[in-house]
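A.B. asks: the sequence isn't on hand, but the structure is:
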Ligand SMILES: C[S@@+](CC[C@H](N)C(=O)[O-])C[C@H]1O[C@@H](n2cnc3c(N)ncnc32)[C@H](O)[C@@H]1O
């Protein structure tokens, strides 16, 4: 895990032996499962350490506390939620993933990593966000590579408690995307708090973290039915 360890040192983070072992197991299981079920195109040891593990942990640059109640929307093979949980074991983590096969991997890997306080929710975000058990219940919501910001605001902000935040990693020039998302962010009861540049060893390709803050309740009508936020974004 040299690449990860080196990248983390730039963040002032060091891993203990348990965490190092967990990242190693995560890598082995990811690659093993991936040979049967497609989870990711990134499988080289070095690439997984940088593009999945370090990229996930880079969200700490937006300010993550050790005791968050965190929901990762569209978690796929667990990114960025699971690396953050390995780093901060006291986080209460929800991994929301619509695809059953991926959700099954998330259940298995959570057991193999010996993690407690992780809930796997295999549903569409649009449906889960209308369930009172999950609606406006999280201090932090993350979502990587799931949708553009206008759609993502509708899929994430309804889960945030007031005062909670959304962190969305993005790449490249996002000015136009952020402009398009302004209406959706406002309608969901949010505001754009800041955009943070990520510059870490191996991740020098214009990565950014968009930080939204929840400032008022999301109207009951949002999110709309499954598929609508992506098909007809609120622009
Ligand atoms: C490109 S993958 C990214 C996975 C992971 N976040 C990552 O960065 O590696 C997008 C994932 O979001 C899930 N997804 C897309 N729309 C969703 C929705 N409305 N509700 C729940 N999951 C969704 C897909 O099933 C897919 O696994």
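C.D. replies: Arrived safely. These figures come from a predicted structure and were not determined experimentally.
A.B. asks: hmm, residue 164 is touching residue 156, no?
C.D. replies: No: contact criterion Cβ atoms under 8 Å: residue 164 and residue 156 do not qualify, at 10.0 Å. C-betas here are computed from N, CA, C, even on glycine.
A.B. asks: now name the helix or strand holding residue 183.
C.D. replies: Here residue 183, judged by DSSP states H and E, is contained in helix 175-187.
A.B. asks: any idea of the pLDDT on residue 204?
C.D. replies: Model confidence at residue 204, given as pLDDT, is 93.
A.B. asks: cool, and the one 4 residues further on?
C.D. replies: Confidence at residue 208, expressed as pLDDT, is 98.
A.B. asks: Three-state assignment for it, please.
C.D. replies: The assignment at residue 208 comes out as strand when based on DSSP: H, G, I helix; E, B strand; the rest coil.
A.B. asks: neighbours of it, how many?
C.D. replies: Other residues within reach of residue 208, judged by other Cβ atoms under 10 Å, total 19.
A.B. asks: what sits against it?
C.D. replies: Shown in contact with residue 208 (Cβ atoms under 8 Å, 6 or more residues apart in numbering): 169, 170, 171, 174, 195, 196, 197, 198.
A.B. asks: show the buried residues in those residues.
C.D. replies: 169, 170, 174, 196, 198 (16 or more other Cβ atoms under 10 Å).
A.B. asks: the last one contacts residue 61, correct?
C.D. replies: Yes: contact status for residue 198 versus residue 61: in contact at 6.2 Å, counting by Cβ under 8 Å.
A.B. asks: now list whatever residues contact both of those two.
C.D. replies: residue 209.
A.B. asks: quick one, what contacts the nearest residue to residue 181 once chain neighbours are set aside?
C.D. replies: Excluding the flanking residues, the one nearest residue 181 by Cβ to Cβ, 6 or more residues apart in numbering is residue 149, at 3.5 Å. Neighbouring residues of residue 149 by Cβ under 8 Å, 6+ apart: 168, 170, 174, 177, 178, 180, 181, 184, 185, 210.
A.B. asks: narrow these to just the buried residues.
C.D. replies: The neighbour count (16+ other Cβ under 10 Å) marks 168, 170, 174, 178, 180, 181, 184, 185, 210 as buried among the contacts of residue 149.
A.B. asks: for the fifth one, give me its contacts.
C.D. replies: In this structure, residue 180 makes contact with 148, 149, 150, 233, 235, judged by Cβ under 8 Å, 6+ apart.
A.B. asks: again, only using 6 Å
C.D. replies: Contacts for residue 180 (Cβ atoms under 6 Å, 6 or more residues apart in numbering) come out as 150, 235.
A.B. asks: with the second one instead?
C.D. replies: Contact partners of residue 170, counting by Cβ under 6 Å, 6+ apart, are 208, 210.
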